[in-house]
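Q: have a look; sequence and predicted model below, questions after that.
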Amino acid sequence: MKFTLEKKERLKSRKLIEKLFEEGKTIRKFPLKLIYLTIETLPAQSNKVSFSVPKRNFKKAVDRNRIKRLLREAYRLERKTVFNTSSLSCIFMITYIGKTEPIFFDIQEKIREVLTLLKERK
């Protein structure tokens with residue numbers, strides 16, 4: 001498994017995102033919220049992920065982009081431990097719902113917990 005977050009692993013399709021919000025299930029582990037949906041049309045062990053930070057909590061785009069970079073990096077490092085042995089094929093969005101700027105190690109720990117909960121539910 002590569003350590004990079006490739007373009008094919010990013011959730012960009014408007015149709016899939018709409019379907020995710022309509023039919024998806026939620027896992028909350030403050031300060032993260034994960035919305036996920038299992039998709040049969042994706043190849044095995046193919047996950048698509050997206051990250052978001054609400055403008056309501058962070059007005060400056062610089063702050064939102066920094067938090068998204070932290071989320072992507074933490075996911076990139078933690079996904080191998082969770083999805084390496086799993087045959088999950090799903091789409092999910094990770095949203096930062098906290099109101100203060102996070103520290104990377106806290107985010108990494110919470111991403112690990114949320115992904116472990118996702119693996120247990122599947």
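A: Thanks, I have the structure now.
Q: look up how far F3 lies from T81.
A: Per C-beta to C-beta, to the nearest Å, T81 is found 12 Å from F3. C-beta: built from backbone N, CA, C; applies to glycine.
Q: more crowded one of the two?
A: Taking neighbours as other C-beta atoms under 10 Å, T81 and F3 compare with T81 leading, 12 against 8.
Q: and the helix or strand harbouring the more buried one, what does it pack against?
A: Taking DSSP states H and E as the definition, one finds T81 inside helix 61-83. Judged by 3 or more C-beta pairs under 8 Å, 6 or more residues apart in numbering; DSSP states H and E, helix 61-83 is in contact with strand 48-52, strand 90-96, helix 104-121.
Q: ok, 6 Å please
A: strand 48-52, helix 104-121 (3 or more C-beta pairs under 6 Å, 6 or more residues apart in numbering; DSSP states H and E).
Q: pull the CA atoms of it into PDB?
A: The C-alpha coordinates for helix 61-83 follow below in PDB (Å, rounded to 0.1, in the frame of the first residue of the first chain):
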ATOM      1  CA  ALA A  61      -9.800  30.300   4.600                       C
ATOM      2  CA  VAL A  62      -6.200  30.000   5.800                       C
ATOM      3  CA  ASP A  63      -7.300  28.400   9.000                       C
ATOM      4  CA  ARG A  64      -9.800  26.000   7.300                       C
ATOM      5  CA  ASN A  65      -7.200  24.900   4.700                       C
ATOM      6  CA  ARG A  66      -4.600  24.300   7.500                       C
ATOM      7  CA  ILE A  67      -7.000  22.100   9.400                       C
ATOM      8  CA  LYS A  68      -7.900  20.200   6.200                       C
ATOM      9  CA  ARG A  69      -4.200  19.600   5.600                       C
ATOM     10  CA  LEU A  70      -3.800  18.200   9.100                       C
ATOM     11  CA  LEU A  71      -6.800  15.900   8.600                       C
ATOM     12  CA  ARG A  72      -5.500  14.600   5.300                       C
ATOM     13  CA  GLU A  73      -2.100  14.000   6.800                       C
ATOM     14  CA  ALA A  74      -3.400  12.200   9.800                       C
ATOM     15  CA  TYR A  75      -5.700  10.100   7.600                       C
ATOM     16  CA  ARG A  76      -2.900   9.300   5.200                       C
ATOM     17  CA  LEU A  77      -0.800   8.000   8.100                       C
ATOM     18  CA  GLU A  78      -3.500   6.000   9.900                       C
ATOM     19  CA  ARG A  79      -5.400   4.400   7.100                       C
ATOM     20  CA  LYS A  80      -2.800   1.600   6.600                       C
ATOM     21  CA  THR A  81      -3.400   0.300  10.100                       C
ATOM     22  CA  VAL A  82      -7.200   0.200   9.700                       C
ATOM     23  CA  PHE A  83      -7.800  -0.700   6.000                       C
END
